[in-house]
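>>> A predicted structure for the sequence below; I have some questions about it.
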Amino acid sequence: MLITLNTLITLNIFSSIFNWVLDKILSPVFNFLAGLLGSLFEVIFNEVLAPIVKFAFETAFPFIWDIFIGIFSGVLYSILATILGLVDTVQAGFDVLIGLQPVTYSSAAGTVTDKSLLEVLFTQSAVGNIFLRISIAAVILAFLAAIYGVVRSALDFDMENKRPIGQVMRSFFKAAVTFLMVPLLALFMIQLSGTVLRVFSTALGETGGTLGRTIFLVATLDAGNDGNTNPSFTDSLRAPYWNGAKKFTDQEVVETNFDLEKIDFITGFAAAIFALIIMVMCIVIFVQRIFEVLMLYIVSPFFVATMPLDDGERFGKWRDLFIAKLFSGFGAAIGMRLYLMILPDIMDNGFTFFATASKMDYVIKMLFVLGGAWTIYKSSSMLTTLLNFQAGQSETQTGQAAAMGAIGAASYAGGVAGRGVLAVGRGIKRGVKWAVGSDDDDDDSKDGKGKGGGKGDHRDQQRFGG
């Protein structure tokens, strides 16, 4: 017990001495050294590293980028032109699916060249036959619903909430007339919606340009060989590309008018890929619109058949949804025309947002390019939601799903391209090893422990003809 007490007293004294040394001697020394090293590193960073980093970002990196562009500008432009051509192709499908461009349909009855895709599909005999069969079944259901309504009204002794038999019969006769009117009403609404869209498109004017041409001119605005310090989409050099007289896919012609090394590839690729994703999202919405309009038309007799029971409440909901679906996607079509009309004016050098900050001007114009493309998509659901909230929500969800699919496909394509580049690199590496007679295979097969056993020497003999 005495030994234990002495040990504790000794440890306590040692702890007090150690804490005093740490607080009074070591801690000030450590703080002094830490402050000295901090000041030293601060001086090194400010006086040595900071100028090096600044030089790298302001001089070395642009120099290396210019060398890269000088070597690969032709290849980069070829890739950009391919993507822009795909954007224009998708835009042509955009106009066809929404109904701005007529389609050609040949059948035994003749050739149709002046109707939209939805109108042609609506007038197909297969759709008419299905609608006729469903209408016959719906008429029977309406008759049974009327009988049920009459019997229920006759046996209902609740005089306050009783539904008169006369009201049931009026709803039945109204349903009978509606059966005959639905096909005519649906065709009229389809033609009316197409006419409204074409009127809006005409009111916004023919821009003459496409989305691909617009992005091309945005990227090449400061790359012209004409020395124009205030270029625009309509000047003598760029107007032929804007109206389609010259093709941006013809690289030889482009090289005579533009310096490929001065093309803004960052803006070009960013806008092209983003616009392509937006167009795919819109096209998926347009395809969904066509199928949903046809489906709503085909099942409409069943909603008419419920009129003797609910005085047309369900049919009213069907009518509102049908009209909303007809105008679904119109916001995107109108937004596209508006985008092509406004963007050339924004991108011209006549617009100056910041007099002393050209880089901020570039950022603002870039935001207009990307933000305007995003607005094309958002305008679609915005107008549809005003007509019917559920239809607008459905359109938004479809667009989001299409965006995820497009991004996933792009990621997969990028992964495939990356694996292809790695495969090429491995092939080059193996070729170099083969040419210089690398001993890697011999090392692997030495003493029969490698994967190839003792075949390394045999392969070397075959390689050099031994």
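Sure thing, it's come through.
>>> what helix or strand does I298 sit in?
Assessed by DSSP states H and E, I298 sits inside helix 265-305.
>>> helices or strands up against that helix?
helix 61-98, helix 117-122, helix 125-155, helix 165-204, helix 211-219, helix 313-326, helix 358-387, helix 389-436 (3 or more CB pairs under 8 Å, 6 or more residues apart in numbering; DSSP states H and E). The way it works is simple: take the backbone N, C-alpha and C, and place the C-beta from them, glycine included.
>>> most tightly surrounded among those?
helix 211-219 (a mean of 26; mean count of other CB atoms under 10 Å).
>>> show me the contact partners of that one.
80-81, 84-85, 87-88, 91, 209, 233, 238, 241-242, 244, 248, 263-265, 267-268, 271-272, 275, 279, 336, 339-340, 343-344, 347, 369 (CB atoms under 8 Å, 6 or more residues apart in numbering).
>>> outline the domain layout of this protein.
The chain breaks down by automatic domain parsing into domains covering 85-90+94-104+185-387, 430-463.
>>> related to what we said a few turns ago, least confident of the helices and strands packed on helix 265-305, on average?
Among the helices and strands packed on helix 265-305, helix 389-436 carries the lowest mean pLDDT, at a mean of 57.
>>> which among the contacts of helix 211-219 count as buried?
Among the contacts of helix 211-219, the ones that count as buried by 16 or more other CB atoms under 10 Å are 80-81, 84-85, 87-88, 91, 209, 233, 238, 241-242, 248, 263-265, 267-268, 271-272, 275, 279, 336, 339-340, 343-344, 347, 369.
>>> picking up where we left off before, nearest to Y105 among the helices and strands packed on helix 265-305 would be which one?
helix 117-122 (4.9 Å; CB to CB).
>>> so how far is that closest one from its chain's centroid?
Averaging C-alpha positions (CA atoms, centre = their mean, to the nearest Å) puts helix 117-122 27 Å from its chain's average.
>>> give me the helices and strands touching it, please.
Partner elements for helix 117-122 (3+ CB pairs under 8 Å, 6+ apart): strand 103-107, helix 165-204, helix 265-305.
>>> next one: the second one to chain centre, how far?
Okay, so that is helix 165-204. With CA atoms, centre = their mean as the basis, helix 165-204 stands 35 Å off its chain's centre.
>>> avg pLDDT for stretch 260-277?
Averaging pLDDT residue by residue across stretch 260-277 gives 88.
>>> ok, back up a step: would TSV of the helices and strands packed on helix 265-305 with distance to I285 be doable?
Listed next are those as TSV, based on distance: least, CB to CB, whole Å:
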stretch	distance to I285
helix 61-98	9
helix 117-122	14
helix 125-155	21
helix 165-204	14
helix 211-219	17
helix 313-326	11
helix 358-387	6
helix 389-436	6
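>>> quick check: which of those helices is nearest to V299?
helix 125-155 (6.9 Å).
>>> what packs against the closest one?
Counting by 3+ CB pairs under 8 Å, 6+ apart, helix 125-155 packs on helix 165-204, helix 265-305, helix 307-310.
>>> possible to save those helices as TSV with distance to T396?
Formatted as TSV, the helices and strands packed on helix 125-155 follow (distance: least, CB to CB, whole Å):
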stretch	distance to T396
helix 165-204	20
helix 265-305	9
helix 307-310	30
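>>> centroid-nearest residue for the chain?
With distances taken as CA atoms, centre = their mean, I277 lies nearest the centre of the chain, 2.5 Å away.
>>> was I right to think F131 contacts F179?
No: F131 is beyond contact range of F179, at 10.7 Å (criterion: CB atoms under 8 Å).
>>> can you check which of the helices and strands packed on helix 125-155 gets nearest to G329?
That would be helix 265-305 among the helices and strands packed on helix 125-155, by CB to CB, at 5.1 Å.
>>> kindly reformat the domains of the chain as a markdown table containing distance to S27.
Shown next, in a markdown table, are the domains of the chain (distance: least, CB to CB, whole Å):
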| stretch | distance to S27 |
| --- | --- |
| domain 85-90+94-104+185-387 | 49 |
| domain 430-463 | 56 |
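>>> which residues touch N388?
Contacts of N388 by CB under 8 Å, 6+ apart are D320, L321, I323, A324, K325.
>>> just the residues you listed now: which is nearest T111?
For those, the nearest to T111 is K325 (28.6 Å; CB to CB).
>>> about what we covered before: quickly list what's touching both of F131 and F179.
If you check F131 and F179 against CB under 8 Å, 6+ apart, the residues they both contact are P301.
>>> related to what we said a few turns ago, turn the helices and strands packed on helix 117-122 into JSON lines, including distance to L386.
Written out in JSON lines, the entries for those read as follows (distance: least, CB to CB, whole Å):
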{"stretch": "strand 103-107", "distance to L386": "29"}
{"stretch": "helix 165-204", "distance to L386": "14"}
{"stretch": "helix 265-305", "distance to L386": "16"}
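>>> among the ones you listed, which is nearest S125?
strand 103-107 (8.9 Å).
>>> just the buried positions in the following helix or strand past the closest one, please.
Sequence-wise, the next helix or strand downstream of strand 103-107 (DSSP H and E) is strand 110-115. Across strand 110-115, burial judged by 16+ other CB under 10 Å covers K115.
>>> pairing partners for strand 110-115, with directions?
strand 103-107 (antiparallel) (DSSP bridges).
>>> the strand it pairs with vs helix 125-155, what angle?
For strand 103-107 against helix 125-155, the angle by axes from the mean of the first three to the mean of the last three CA atoms, to 10 degrees is 90 degrees.
>>> CA atoms of strand 103-107 as CSV?
Taking Å, rounded to 0.1, in the frame of the first residue of the first chain, the C-alpha atoms of strand 103-107 are listed here in CSV:
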residue,chain,number,x,y,z
VAL,A,103,-46.4,14.7,-94.4
THR,A,104,-46.9,12.7,-97.6
TYR,A,105,-49.0,9.6,-97.3
SER,A,106,-49.8,7.3,-100.2
SER,A,107,-52.6,4.7,-100.1
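>>> start at 22 instead
Okay, residue one is now 22; in that scheme the one you just asked about reads as strand 124-128.
>>> quick one: it to helix 82-119, angle?
Using the same axes, to 10 degrees: strand 124-128 against helix 82-119 is 40 degrees.
>>> residues in contact with strand 124-128?
V117, T132, V133, T134, K136, S137, L138, V141.
>>> show me what contacts the last one?
Contacts here follow CB under 8 Å, 6+ apart; on that basis V141 touches V124, Y126, V133.
>>> so what's the last one closest to, chain neighbours aside?
Just to be clear, that refers to V133. Using CB to CB, 6 or more residues apart in numbering and skipping residues adjacent in sequence, the residue nearest V133 is Y126, 4.5 Å away.
>>> before we move on, back to that, so which of the domains of the chain comes closest to S174?
domain 106-111+115-125+206-408 (10.5 Å).
>>> and the closest one, how far out from the chain's middle?
With CA atoms, centre = their mean, you get 13 Å for domain 106-111+115-125+206-408.
>>> confidence score at S137?
88.
>>> and it, how far from G120?
Distance of S137 to G120, given as CB to CB, to the nearest Å: 4 Å.
>>> one more: N40?
N40 is 86 Å from G120, by CB to CB.
>>> touching, G106 and T270? I think so.
Yes: counting by CB under 8 Å, G106 touches T270, with 5.2 Å between them.
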